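1. coords please:
(one chain, ligands or ions: 1)
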Amino acid sequence: MLPRKEEPPVSNPVLMEVVDDIAVIAIANPPVNALSHAVRSGLDAAFAEIARRDDVKAVVIYGTDRTFIAGADIREFGKPPQEPFLPDLINRIEACVVPVVAALHGTALGGGLEVALGAHYRVAVPNARFGLPEVTLGILPGAGGTQRLPRLAGVEFALEAITSGRQISADEALKAGVIDRISDTSDVREMGLTYARELVASGATPRRTSELSPVPVAAEVFDAARTRLAKKARGQLAPQNCIKAVEGATRLSFAEGLANERALFQELMESDQRAALIHAFFAERQVAKVPEIKDVAPRTIDQIGVIGGGTMGAGIAVSALLAGLQVTLIERDADAVARAEANVSKTLQGSVKRGKLSQENYDAIMGGTFRASDDYATLAEADVVIEAVFESMEVKKDVFTKLDAICKPGAILASNTSYLDVNEIAAMTSRPEDVIGLHFFSPAHVMRLLEIVVADKTAPEVTATGFALAKRLKKVAVRAGVCDGFIGNRILSHYRKAGDGAVLAGASPFEVDRALVNFGLAMGPYAVSDLAGLDIGWATRKRLAPTRDPREVYAEFADRLCEAGHFGRKTGKGFYVYGEEGQVPNDEVLEHIAMERAAKGIAARKISEQEIVDRYMAAMVNEAARVVEEGIALRPLDVDVTLLNGYGFPRWRGGPMQYADTVGLDKILADIERFAQEDDFLWQPASLLKRLVAEGKTFADLNNA
Ligand code: 3H9
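-> I've put the predicted structure just below:
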């Protein structure tokens, strides 16, 4: 017998009450009503009881608090599965002999939507959202979703929804036949009861989706999806298995289709890709858990100031405007103000075109929410000012001196520097506790990563405000300590050197790019530096020249390109030539490299694709281990989140630290020691890496410590 709602035991997340002749099942498993073992058991018991009773004429299932069910409990993945299994439970719900209504609000995702598809009728509030996002976790809907959705909404709709994992609005779900009606009743329990009463009154019977036949589609539909996803989701198993499962729905009986879905699901559950994608999911949530700001309230943020209206400053301004904040942008004179206004307006118009911003909101922004000025005094009331001027300590110091004189007490003074010492910048002000680094990535209104650089004197309240601002801007924030390049750029400069080392040893930059793109990176490192502008890396190398260790082998071929005025895409030539036929390798680079090898006495050898990847990853992981050891990153997962969201690292590999755990830290260490024998000073194993290998531990052990 299930507990009654009046006297619920605290631990039971499923409560049933019978209202007149309708059984109402409430799921209360905060925060997102995930289908944990206790929830599955509770639902199973509820349906067993309904089957025993003859006074129940209909059933309503709903979620309490903010949502219906957000899916299977991902925390249970990787542990031994416990009965009742979700597919069996949903079959049991569907087999119920009286109509079952799913009353939906919040998000019905994954296993949550599968429960709803197992119900006989579905009603939702207007702002409810639906989806089968399993593919984003490296799996597929494994509780009948790949069999029921094509039967209910059509094969092509289901194929697209399942392989993309995207969220679907209530309107779209209604149109596609996923739900039966939208109701604006504010009480979701009442909404379900009203529908159930109507069904009982009209004598409606159960409607089982499994009994429908999917409308057949041509085999080419699946072939086209396979080809498209082989390209778009290169290297990924889950999208391909999703296609096979949906295809199964069109040629197998329901029961056989479910068995096929199960086998494909199990295959994915055992894959490294599943482990990596779920690691990424949790890492992106854990990264906001920063001990020093636990229980620290952030300051209020309404007005933002931005100094500098170039690509970065305008991108930051747009990001804040799209989040509904007031923005004042400062440029040095009237012409620069006009250019900055044009930059911001153009980017916002792009958002209007893509449907991300209404014309009305655009007009409101340009009519007053945004203003640009050449007068620092207009920043007097700003809550946070973000400096995004030229990357020079002198220029930055000048800006911070002015800000210190003008900004109100309690205003946060932030620098968007990507390398420079935030302690030195803070020391220019009378309020170093209010100074912080907010390192955005270009284009700032698109890229999700924000490095929050905490200087020695930054107050915890200021750090907490940085995280609160990131959340408002819908960014993933990572806490970083002060060092040259913080987390991301510091690691980048190291693995770039490993790329250069592979080139000096015998690979071409194009082979390095190809190997890493095949590994899964969005772009190879040389194509990326062409995009960023070769002059940027050149300036950094010159700045760091005095501190460079003489034992390090310094690759000069990129400098030769810069000396010839080739800065990459912006000058039409860099490692590649950019012309009408797209991007083609620049053969001049090979001449520079050949000359450099000759001067250094290096005999080029064939470097395999695997060796390129091994070198690159070993350098990345090694420097990342130092970054963790020095406390620049709080945990290995912070490095993973940084590389995934700012540096195009393939999500399905989980980030460099997750990758290292997967291949084994002993293998990474052995690679480093092997390269050290033939190579240069770059290959000094990090002591953290050596210690973890000696203790038989992983980076994941540090995440969980
Ligand atoms: C599945 O269903 C497989 C089936 O097909 C087959 C099975 C046989 N499990 O994101 P938030 C936690 S696969 C466990 O910050 P929001 C999350 O870690 C699943 N925990 O909130 C966080 O914990 P903490 C398919 C979960 O409002 C807290 O809840 N479903 C789960 O920004 C709040 O989360 C999905 O992929 C879960 N399923 O966004 C949906 N979900 O507070 C995954 C969340 O300790 N979830 N948590 O950091 C989401 O997309 C978002 O969480 C959601 C809410 C949109 C629901």
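2. every contact and neighbour count from this point should use C-alpha atoms.
-> Fine.
3. flag every residue of the stretch 101-250 of the chain that's near the ligand.
-> 109-111, 133-134, 141-143 (Cα under 6 Å from any ligand atom).
4. the residue in the stretch 551-700 of the chain positioned nearest to the ligand in helix, strand or coil?
-> The nearest approach of the stretch 551-700 of the chain to the ligand comes at Leu637, 13.7 Å away (Cα to the nearest ligand atom). With DSSP: H, G, I helix; E, B strand; the rest coil as the basis, Leu637 sits in helix.
5. in contact with it, which residues?
-> 283, 287, 657-658, 700, 703 (Cα atoms under 8 Å, 6 or more residues apart in numbering).
6. rerun that using 6 Å as the cut-off
-> By Cα atoms under 6 Å, 6 or more residues apart in numbering, the contact list for Leu637 reads Ala283.
7. number the chain from 34, please
-> Fine by me, first position is 34 from now on; the one you just mentioned is Leu670.
8. so for it, what's the pLDDT?
-> Listed pLDDT for Leu670 reads 98.
9. how about the residues of this structure near the ligand?
-> 64-65, 67, 103-108, 119, 142-144, 166-167, 174-176, 315, 318-319.
10. could I have the buried ones of these as ChimeraX selection syntax?
-> Remark: buried members of the residues of the chain next to the ligand, expressed as a ChimeraX selection using 16 or more other Cα atoms under 10 Å:
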select :65,67,103,104,105,106,119,142,143,144,166,167,174,175,176
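11. ok, the residue in the stretch 234-383 of the chain positioned nearest to the ligand - contacts?
-> Here the stretch 234-383 of the chain gets closest to the ligand at one residue, Arg318, 5.0 Å apart by Cα to the nearest ligand atom. Contact criterion Cα under 6 Å, 6+ apart gives no residues in contact with Arg318.
12. sec struct for it, please.
-> Applying three-state DSSP: Arg318 is helix.
13. out of the residues of the stretch 134-283 of the chain next to the ligand, which are inside strands?
-> Here DSSP state E is the test, and those give Leu142 as lying in strands.
14. could the residues of the stretch 134-283 of the chain next to the ligand go into a markdown table alongside pLDDT and distance to Pro493?
-> Below are those laid out as a markdown table (pLDDT from 0 to 100; distance: Cα to Cα, whole Å):
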| residue | pLDDT | distance to Pro493 |
| --- | --- | --- |
| Leu142 | 98 | 36 |
| Gly143 | 98 | 38 |
| Gly144 | 98 | 39 |
| Pro166 | 98 | 36 |
| Glu167 | 98 | 37 |
| Pro174 | 98 | 42 |
| Gly175 | 97 | 44 |
| Ala176 | 98 | 45 |
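15. narrow the residues of the stretch 134-283 of the chain next to the ligand to those in helices?
-> Among these, DSSP state H puts Gly144 in helices.
16. of the residues of the stretch 134-283 of the chain next to the ligand, which is the nearest to Ile311?
-> Distance to Ile311 across these (Cα to Cα) is lowest for Glu167, with 10.1 Å.
17. surely the closest one meets Gly178?
-> No: with contacts counted by Cα atoms under 6 Å, Glu167 stays clear of Gly178, the gap being 10.1 Å.
18. where in this structure is pLDDT low?
-> Along the chain, segments meeting pLDDT under 70 span 34-44, 712-713.
19. which segments of it make up each domain?
-> Annotated domains of the chain cover 47-302, 334-513, 521-736 [automatic domain parsing].
20. turn these into a markdown table, including distance to Lys327.
-> Below are the domains of the chain laid out as a markdown table (distance: least, Cα to Cα, whole Å):
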| stretch | distance to Lys327 |
| --- | --- |
| domain 47-302 | 19 |
| domain 334-513 | 8 |
| domain 521-736 | 14 |
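21. quick one: which of those is nearest Asp328?
-> Ranking the domains of the chain by distance to Asp328, with Cα to Cα as the measure, places domain 334-513 first at 9.3 Å.
22. ends of that closest one, what's the gap?
-> End-to-end distance of domain 334-513 (Cα to Cα, to the nearest Å): 22 Å.
23. is Val148 in a helix, a strand, or coil?
-> Classification of Val148 using three-state DSSP returns helix.
24. how about it: what's its closest non-neighbour residue?
-> Ile123 (5.8 Å; Cα to Cα, 6 or more residues apart in numbering).
25. what strand or helix carries the one you found?
-> Per DSSP states H and E: Ile123 is located in helix 119-128.
26. ok, Gly615 - how many residues close by?
-> The number of residues packed around Gly615, counting by other Cα atoms under 10 Å, is 8.
27. now Ser720
-> 13.
28. for the spatially closest residue to Gly681 that is not a sequence neighbour, grab phi and psi.
-> Nearest non-adjacent residue to Gly681, counting by Cα to Cα, 6+ apart: Ala555, 5.1 Å away. For Ala555, the backbone dihedrals (degrees, to the nearest 10) come out as phi -60, psi -40.
29. against Gly341, how distant is Ala555?
-> 29 Å.
30. who's more crowded, these two?
-> Each of Ala555 and Gly341 has its neighbours counted (other Cα under 10 Å); Gly341 has more, 24 against 14.
31. the more buried one touches Val422, doesn't it?
-> Yes: contact criterion Cα under 6 Å: Gly341 and Val422 qualify, at 5.1 Å.
32. part of a strand, is Ile419?
-> Yes: assigned with three-state DSSP, Ile419 falls within a strand.
33. tell me, how many residues neighbour it?
-> Neighbour tally, Ile419, other Cα under 10 Å: 24.
34. so who does it touch?
-> Applying Cα under 6 Å, 6+ apart, we find Ile419 in contact with 339, 447-448.
35. 7 Å - rerun?
-> Neighbouring residues of Ile419 by Cα atoms under 7 Å, 6 or more residues apart in numbering: 338-340, 446-449.
36. again, but for Arg184
-> Going by Cα under 7 Å, 6+ apart, Arg184 touches 242, 245-247.
37. any of those buried? List them.
-> Among the contacts of Arg184, those scoring as buried are 242, 246-247 (criterion: 16+ other Cα under 10 Å).
38. tell me the one of those residues nearest Ala373?
-> Using Cα to Cα, Pro247 comes nearest to Ala373 of these, at 54.5 Å.
39. how close does the residue nearest to that closest one when sequence neighbours are not counted get to Phe190?
-> Among residues not flanking Pro247 along the chain, Arg184 sits closest, at 4.4 Å (Cα to Cα, 6+ apart). Going from Arg184 to Phe190 by Cα to Cα gives 10 Å.
40. any residues in contact with both of those two?
-> What both Arg184 and Phe190 touch, as defined by Cα under 7 Å, 6+ apart, is an empty set.
41. where along the stretch 134-283 of the chain do the strands fall?
-> Taking DSSP state E, counting those that start in this stretch to define them, one finds strands in the stretch 134-283 of the chain at 140-142, 154-157, 162-164, 201-202, 214-215.
42. what is the neighbour count of Ala413?
-> Ala413 has 16 neighbours, counted by other Cα under 10 Å.
43. so what's it closest to, chain neighbours aside?
-> In this structure, Ala413 finds its nearest non-sequential neighbour in Cys440, 4.7 Å apart by Cα to Cα, 6+ apart.
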